[in-house]
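In: A structural model of the following input is requested.
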Amino acid sequence: MFLIQKISESFCVNKSVCSLFLDVSKAFDRVWHEGLIFKLYGIGAPIYLIKWIISFLDKRKFCVVINGSFSVFFIIKVGVPQGSVLSPLLFSVYINDIPKRDRSFMSYTLLFADDLVVFFIYNKPVNLQGIINNYLKELEPWLLSWKMCISPEKSSYMIFTRNKSKPLLNLNLFKRSLPQSNTIKFLGVTLDCRLTFKHYVDEIREKCNSRLNLIKIVSRKSWGLSISTMSTIYKSLIGSIID
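Out: Below you'll find the predicted structure:
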């Protein structure tokens, strides 16, 4: 994972990392069709492909069913279809021009579906708050222009450091303060500020122990399941977690 790699490299040279974990609200449902087509033209996509995508998105309809009664059909004017293999690619094109970094600072931007991570590598936290707030101010008009929305209640920042103390930053997005987290789950992995993975290991151990107790119930010598069946159950319930 690129983020973990950069944090580890920073620790090796006595530097710290401030990461913004921003949740894009209803990401796939907010893709503005006209804006997406504009960006496809901008990246030089073939005309025939753009026309095909327009046909793919155009005049899609939905209705609501309650107790067997159907509402009138409504035309879907925004969003890409959930579950379509094409939707993640279209969403990536749509958000590819998001403000990437502050050139005066060593920073990186990572995009994973509806998760946006921006992290800044620093030696001393001098001007760190101002630099990050400047980036957030640059991000705000982009979000408004392309009809995207960040969920402040699901967003936070985290300081990864080996130092005893962490700076407390006043970071604001659309006049709402971002809270500081000590642990955060990113792509299924719980990260802590010292990158020890202790919380993640504890979670895995607890999950495995609870499933192991279930296996013990059906593993009695006198009436338990066969070894091959138990092996299959183990691989599906526990092996799938720790592999």
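In: what about the strands in the chain?
Out: Secondary structure of the chain (DSSP state E): strands located at 16-23, 61-62, 65-66, 69-70, 74-75, 106-112, 115-122, 156-160, 172-173, 176-177, 183-186, 189-192.
In: right, so of the ones you listed, which gets closest to residue 84?
Out: Closest approach to residue 84 among the strands of the chain (C-beta to C-beta): strand 61-62, 14.6 Å. No exception for glycine: its C-beta is placed from N, CA and C like everyone else's.
In: for that closest one, name the packing helices and strands.
Out: With contacts taken as 3 or more C-beta pairs under 8 Å, 6 or more residues apart in numbering; DSSP states H and E, strand 61-62 sits against strand 74-75.
In: re earlier: out of the strands of the chain, deepest packed?
Out: strand 16-23 (a mean of 23; mean count of other C-beta atoms under 10 Å).
In: and the angle for that one with strand 156-160?
Out: Interaxial angle of strand 16-23 relative to strand 156-160 (axes from the mean of the first three to the mean of the last three C-alpha atoms, to 10 degrees): 160 degrees.
In: strand 16-23 to strand 115-122, inter-axis angle?
Out: Angle, strand 16-23 to strand 115-122, by the same axes, to 10 degrees: 160 degrees.
In: closest to residue 136 out of the strands of the chain?
Out: Of all those, strand 172-173 sits nearest to residue 136, with 5.0 Å by C-beta to C-beta.
In: who touches the closest one?
Out: By C-beta atoms under 8 Å, 6 or more residues apart in numbering, the residues outside strand 172-173 that reach it are 22, 133, 136, 139-140, 150, 152, 155, 178.
In: leaving out the residues flanking it, which one is nearest to residue 147?
Out: residue 32 (4.7 Å; C-beta to C-beta, 6 or more residues apart in numbering).
In: just for this protein, where's the confidence low?
Out: Residue ranges of the chain with pLDDT under 70: 101-105, 223-224.
In: longest single helix anywhere in it?
Out: When the chain is parsed with DSSP state H, its longest helix is helix 198-217.
In: how far does that one sit from its chain's centre?
Out: A distance of 25 Å separates the centroid of the chain from that of helix 198-217, by C-alpha atoms, centre = their mean, to the nearest Å.
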